[in-house]
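Asker: sequence and computational prediction follow.
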Amino acid sequence: MKIAKSFKELEKQIKEDLQKAVVNTLQNEVAEIVKDVIQHHIQTDVYDVYEPEHYERRGPDRGRGKGQGLGDRDNLVEHIEDDQTLVVNQVATYNPYKNYSPVYPHPGSNSPNLVKLIVDGYSGHNSNSAEYAKPRPFMENANSSLSKGGRNYADLDEAFETGLARHGVYKKNKAR
């Protein structure tokens, strides 16, 4: 650790160290909670709504390696914006193992992405299951759960405190 030669230099070092601790906490403890909540909403808002008629769900454990279905945690990718905002995106793509039919759009260059299709719904289907086409806003629901007053807000708070304590920046209250 570099020894500060002035109060201004010390203040700068403290701010830099605190910023590194915050970013690291967001990328680790907080991101894990966010991914848990998103996966919960994928299960409850997408998978539990109906059983597919025209395709096989890939899910997280299909034995084909990384980068599979919506439920695969590897498809939840986080990054930090503006040195302080955690962003987690679901990057699942259309099923590359499926022979596409007119029931749902082929992943051509003019098709919406998979997450957009699920979140917004799809009106151009000819499936017997209207549930397939209904919007399933799992990301919005996860965001609501994580927002102040939401079901999982306290989990975020706890994760943030745990991460900062790991960096020696915060001393957790044992009364919690």
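Answerer: It's in.
Asker: how much space between the nearest residue to residue 172 once chain neighbours are set aside and residue 171?
Answerer: Computed as C-beta to C-beta, 6 or more residues apart in numbering, the closest residue to residue 172 that is not its neighbour in sequence is residue 165, at 4.8 Å. No exception for glycine: its C-beta is placed from N, CA and C like everyone else's. Distance of residue 165 to residue 171, computed by C-beta to C-beta, to the nearest Å: 7 Å.
Asker: so those two - more neighbours on which side?
Answerer: Shown here are residue 165 and residue 171; by other C-beta atoms under 10 Å, residue 165 has more neighbours (15 against 9).
Asker: what about this protein, any weak spots by pLDDT?
Answerer: Counting by pLDDT under 70, the chain shows low-confidence ranges at 1, 54-56, 58-68, 95-112, 123-132, 174-176.
Asker: kindly recompute the last result at 80.
Answerer: 1-2, 50-69, 93-114, 116-117, 120-134, 172-176 (pLDDT under 80).
Asker: just the CA trace of the longest helix anywhere in it, in PDB.
Answerer: If you go by DSSP state H, the chain has its longest helix at helix 7-25. C-alpha atoms of helix 7-25 as PDB (Å, rounded to 0.1, in the frame of the first residue of the first chain):
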ATOM      1  CA  PHE A   7      -4.500  14.600   3.200                       C
ATOM      2  CA  LYS A   8      -5.700  15.100  -0.400                       C
ATOM      3  CA  GLU A   9      -3.600  12.100  -1.600                       C
ATOM      4  CA  LEU A  10      -5.000  10.000   1.300                       C
ATOM      5  CA  GLU A  11      -8.500  11.100   0.400                       C
ATOM      6  CA  LYS A  12      -7.900  10.000  -3.200                       C
ATOM      7  CA  GLN A  13      -6.500   6.600  -2.200                       C
ATOM      8  CA  ILE A  14      -9.500   6.000   0.100                       C
ATOM      9  CA  LYS A  15     -12.000   6.900  -2.700                       C
ATOM     10  CA  GLU A  16     -10.200   4.600  -5.200                       C
ATOM     11  CA  ASP A  17     -10.000   1.700  -2.700                       C
ATOM     12  CA  LEU A  18     -13.700   2.100  -1.800                       C
ATOM     13  CA  GLN A  19     -14.600   2.200  -5.500                       C
ATOM     14  CA  LYS A  20     -12.700  -1.000  -6.100                       C
ATOM     15  CA  ALA A  21     -14.400  -2.600  -3.200                       C
ATOM     16  CA  VAL A  22     -17.900  -1.500  -4.400                       C
ATOM     17  CA  VAL A  23     -17.300  -2.700  -8.000                       C
ATOM     18  CA  ASN A  24     -15.900  -6.100  -6.700                       C
ATOM     19  CA  THR A  25     -18.900  -6.500  -4.400                       C
END
